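Chemist: Sequence and computational prediction follow.
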Amino acid sequence: MKNSLKEIVTGFGSLVTGMKITLGQFFKPSVTVQYPHESLKMATRFRGHIELVRDPETGKPKCFACKLCERACPSDCITVDGAKLDGAKKKSVTEYMLDFTKCSLCGSCVEACRDGAIRFSREYNLASTSKEQFIMDLFKRLEVESQEAERLQATVNSQAPVPEANTAPPSTASAPPLSAVPAQPAALDSQPTAAAK
Amino acid sequence: MTQALSNLFKLLSTEPYRLVLFLCGMMAFVGLNAAYLVWVERKGAARFQRRPGPTEVGWAGLLQPIADAAKLMSKQLIVPAGVDTTLFRVAPLLMMSPVLMSLAVIPWGENLAARNINVGLLMIFAFGSINVMAIMLGGWASRNKYAIISAARVVSQNVAYEIPMLLVVITMIMVTGTMNLNEIVQQQAGAFWHWNIFRVWVNPLMPVTFLIFYTCMLAETNRAPFDMAEAESELVAGAYTEYSGMGFGVFFMAEYANILLGCALGTVLFLGGWQSPIGVFSGVVWFLVKMYFLVFSVVWIRWTFPRTQFYGLLNLSWKILIPVSLLTLILSSGMIKLLKLFHA
């Protein structure tokens, strides 16, 4: 009798504790990221497809077309071409194609690169309805990125605070946001709707 | 405003108008509530789990219930081969209509009740027992063994919880001395310590009595944590397995309407109905505030506690609720006798 009474009281106490906890959660902000409308920033070690690294001083790619990455690639995804420009000491890259349909993201190319001229991008919105979308011209991608950077730099110089878009992919200060050239998320038009009962 | 409204209702209190008014008003109220309680449920569930909940249809997902209703209504009403067609179609209606009738005696405000009859409480429980039968009929008419088993579970659950519920109600009738709901509310006039839940000089276990009533209300309406009858994660839809479209929709709405009725009854019996907690500005607003607080707590409980097991449910009823409610019954009858002796 005494025990069962005690059980009722302690059991009720634990119910009240549980309800307190859930009510606490009720008033905390929601943690959902409404995916098609907003997306998460990927961690710095996220391994997306590779991208060329821009030299912040010259604004040109660091790559000098040594083709080590091309050789390191086990599935022949990378095609690099370079030319020696007039007056330059080194060759510079003129074409850098990545066939992402074959890439297994093994990272051998990044490892092989001696100069840190390629790195993993943090792009993950990679859905498309056509295969051609995944044959990426990384050189062109970097050029667009440079233009964006210059434009942003100009606005930074003219007016101090620039609100950075929430949806922009993460990037370092030297290579600011770039809306993906090759891969537009195809999921944008099909927003997930909560399943109605 | 409230005064003007109540004057208008007095004017229209002649017989045919009153009936029609009540019917239209109650059906609209119950329909809207049933629809928007689904929204409250989903939004509440989301908030308790720190999600945003429905956001896409309308502002804050407010048009979601309408979209759901349109979806359910546009679906085909499948009547499977071999079912008892009449019972199969009648069961959802049989579940919905007792709620509408029971709401006739709920005093929403001082003069705001469709019928102020002397046996209102009795009437609610008389009609309240019909919806168990409706679920049983629905499950049985479906000609589906899972639906029948599930319906049997509903019946055993409801029978088990009807007993403590009625014991609590008998206690309340003894304490208040009337079955007229409006009179019960009027007895609780003044500030909140006059409410029946705090009437500890009649029965020191009055808050416990309220908790028993509340628990039984959850079990009677098949709400979590007592929703074995329609355990979404385990059974398809319990007794409603074979129902589609609006047949299911009506069952679904009736469940929410039952919750509404249970919360309204809890408000009337224990929380002072339309009486204001501070003693002034009594009116229908306070009734709605209290009722919706109870409704919110029902959602709150659903998203806090895991589903009990069936024997846990029956143990709770037979080993805890029934003895304790019997104790409160005996205690309050003794106290009433003593009080009478003192007064005499």
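Modeler: Thanks, I have it.
Chemist: longest single strand anywhere in chain A?
Modeler: Counting residues, the longest strand in chain A under DSSP state E turns out to be strand A:92-99.
Chemist: helices or strands up against that one?
Modeler: Applying 3 or more Cβ pairs under 8 Å, 6 or more residues apart in numbering or on different chains; DSSP states H and E, we find strand A:92-99 packed against strand A:50-52, strand A:78-83, strand A:135-137, helix A:138-158. Any C-beta I mention is one placed from the backbone N, CA and C, and that applies to glycine too.
Chemist: Do you have the helices of the stretch 201-344 of chain B handy? List them.
Modeler: For the stretch 201-344 of chain B, the helices defined by DSSP state H, counting those that start in this stretch occupy B:206-220, B:245-270, B:284-302, B:310-315, B:322-343.
Chemist: what do you get for chain A?
Modeler: A:2-26, A:68-72, A:108-112, A:138-158 (DSSP state H).
Chemist: can you pull the contacts of residue B:179?
Modeler: The neighbourhood of residue B:179, defined by Cβ atoms under 8 Å, 6 or more residues apart in numbering or on different chains, consists of B:118-122, B:173.
Chemist: go with 6 Å
Modeler: By Cβ atoms under 6 Å, 6 or more residues apart in numbering or on different chains, the contact list for residue B:179 reads B:119, B:121-122, B:173.
Chemist: out of those residues, who has the most neighbours?
Modeler: residue B:121 (22 neighbours; other Cβ atoms under 10 Å in any protein chain shown).
Chemist: how about residue B:52, secondary structure?
Modeler: coil (DSSP: H, G, I helix; E, B strand; the rest coil).
Chemist: Repeat that for the one 5 residues further on.
Modeler: When the structure is split into helix, strand and coil by three-state DSSP, residue B:57 lands in coil.
Chemist: Any idea how many residues pack against it?
Modeler: 18.
Chemist: show me what contacts it?
Modeler: By Cβ under 6 Å, 6+ apart, the contact set of residue B:57 is B:63-64, B:67.
Chemist: Leaving out chain neighbours, which residue sits closest to the spatially most central residue of chain B?
Modeler: Geometric centre of chain B, nearest residue: residue B:262, 2.2 Å, by Cα atoms, centre = their mean. Leaving aside its sequence neighbours, residue B:262 sits nearest to residue B:217 (Cβ to Cβ, 6 or more residues apart in numbering or on different chains; 3.9 Å).
Chemist: Pull up the gap between the one you found and chain A, please.
Modeler: Residue B:217 is 16 Å from chain A, where distance means Cβ to the nearest Cβ, to the nearest Å.
Chemist: Between the contacts of residue B:57, identify the one with the most neighbours.
Modeler: Going by other Cβ under 10 Å, residue B:64 tops those with 24 neighbours.
Chemist: So that one is in contact with residue B:55, correct?
Modeler: No: when contacts are counted by Cβ atoms under 6 Å, residue B:64 is not listed as touching residue B:55 (9.0 Å).
Chemist: So, low pLDDT: which residues of the stretch 101-250 of chain B?
Modeler: Low-confidence regions of the stretch 101-250 of chain B, defined by pLDDT under 70, span residues B:233, B:235-236.
Chemist: Give me the number of neighbouring residues for residue B:130.
Modeler: 15.
Chemist: Pull the number of nearby residues for the residue lying closest to it once chain neighbours are set aside.
Modeler: Distances taken as Cβ to Cβ, 6+ apart place residue B:98 nearest to residue B:130, at 4.4 Å, with adjacent residues excluded. By the measure other Cβ under 10 Å, the count of residues near residue B:98 is 23.
Chemist: Can you tell me the element residue B:170 falls in?
Modeler: helix B:145-176 (DSSP states H and E).
Chemist: can you tell if that helix touches chain A?
Modeler: No: figure legend: helix B:145-176 not in contact with chain A (Cβ under 6 Å from any Cβ of the partner chain); closest approach 13.9 Å.
Chemist: Who are the packing partners of that helix?
Modeler: helix B:130-141, helix B:206-220, helix B:322-343 (3 or more Cβ pairs under 6 Å, 6 or more residues apart in numbering or on different chains; DSSP states H and E).
Chemist: so how far is it off the chain centroid?
Modeler: Distance of helix B:145-176 from its chain centroid, counting by Cα atoms, centre = their mean, to the nearest Å, is 13 Å.
Chemist: Give me the buried positions along that helix.
Modeler: B:146-148, B:150-151, B:153-158, B:160-165, B:167-169, B:171-172, B:175-176 (16 or more other Cβ atoms under 10 Å in any protein chain shown).
Chemist: Regarding chain B, what is its longest helix?
Modeler: helix B:15-48.
Chemist: what angle sits between that one and helix B:284-302?
Modeler: 40 degrees (axes from the mean of the first three to the mean of the last three Cα atoms, to 10 degrees).
Chemist: Name the nearest residue to the one residue sitting closest to the centre of chain A, sequence neighbours excluded.
Modeler: Centroid-nearest residue in chain A, with Cα atoms, centre = their mean: residue A:122, separated by 2.2 Å. Counting by Cβ to Cβ, 6+ apart, residue A:122 lies nearest to residue A:42, which is 3.9 Å off, once chain neighbours are set aside.
Chemist: And for residue A:105?
Modeler: residue A:47 (5.5 Å).
Chemist: Near residue B:85, how many other residues are there?
Modeler: For residue B:85, the count of nearby residues is 11 (other Cβ under 10 Å).
Chemist: Please apply the same query to residue B:32.
Modeler: When neighbours are counted by other Cβ under 10 Å, residue B:32 comes out with 11.
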